[in-house]
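Q: I'd like to go over a predicted model; first the sequence, then the structure.
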Amino acid sequence: MKRTVICALLLLAGCAKMPDDISAAPVSADPYMQMSCESLASERAAKQADYDRIAKVQTETSKRDEAWMAIVHVPVASMSNGDNEPHIATLKGQLNAISKASQAKGCRV
C-alpha cells in the first residue's frame, strides 16, 4: 500500500503544471533600465504575446496529462516534451522585470 501511494505521488509530480501555478524565474530589471519607455512597451507586448502563446500550449498539456492520468496513470503529454514550465517561468520573470523598469522610469503602462 505504501509503495503504491509513493508511486502514485511520483507519477502525479510529473504532470505539467497550469501556467498560473508556475512561479516567475528571477530576472534582473537592470538590462531593461537602459530602454526607453516606448521600447519597454514594445518589449512587454512581445513578451506578453509569447507568454500567451506558450501558456495556451501549457494549459492544453496540463489538461491532457490530467486525462491520461485518469486513464493510464501516466502523464503522457508532459513526458513527450510538451512541458513548457521553464519557458513560462522565464517569460514571467522577464515581464516582472520589464514592469519594475517601467515603474522605476515613470513610464505610463
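A: On my side now, so go ahead. Please read these numbers as outputs of a predicted model, since none were measured by experiment.

Q: Show me what the longest helix seen in the chain is packed up against.
A: Ranked by number of residues, the top helix in the chain under DSSP state H is helix 37-72. With contacts taken as 3 or more CB pairs under 8 Å, 6 or more residues apart in numbering; DSSP states H and E, helix 37-72 sits against helix 76-77, helix 85-105. Every C-beta, even on glycine, is put in place using the N, C-alpha and C of the backbone.

Q: out of the ones you listed, nearest to Asp21?
A: Closest to Asp21 of those, according to CB to CB: helix 85-105, at 9.3 Å.

Q: Can you flag the weakest of the helices and strands packed on helix 37-72 by average pLDDT?
A: Of all the helices and strands packed on helix 37-72, mean pLDDT reaches its minimum on helix 76-77 (a mean of 46).

Q: low-confidence ranges in this structure?
A: The model of the chain has pLDDT under 70 over residues 1-14, 65-82, 109.

Q: buried sites along stretch 43-62?
A: By neighbour count with 16 or more other CB atoms under 10 Å, stretch 43-62 contains the buried residues 43-44, 47, 50-51, 54-55, 57-59, 61-62.

Q: Kindly export that stretch (C-alpha atoms) in CSV.
A: What follows is stretch 43-62, C-alpha atoms only, in CSV (Å, rounded to 0.1, in the frame of the first residue of the first chain):
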residue,chain,number,x,y,z
GLU,A,43,9.2,44.6,-25.3
ARG,A,44,6.4,44.0,-22.9
ALA,A,45,3.9,43.4,-25.8
ALA,A,46,6.3,41.0,-27.4
LYS,A,47,6.9,39.0,-24.2
GLN,A,48,3.2,39.0,-23.4
ALA,A,49,2.4,37.6,-26.8
ASP,A,50,5.0,34.9,-26.3
TYR,A,51,3.6,34.2,-22.8
ASP,A,52,0.0,34.0,-24.1
ARG,A,53,1.0,31.5,-26.8
ILE,A,54,3.1,29.3,-24.6
ALA,A,55,0.6,29.4,-21.7
LYS,A,56,-2.1,28.2,-24.1
VAL,A,57,0.1,25.2,-25.0
GLN,A,58,1.0,24.5,-21.4
THR,A,59,-2.7,24.6,-20.4
GLU,A,60,-3.5,22.0,-23.1
THR,A,61,-0.6,19.9,-22.0
SER,A,62,-1.7,20.0,-18.3
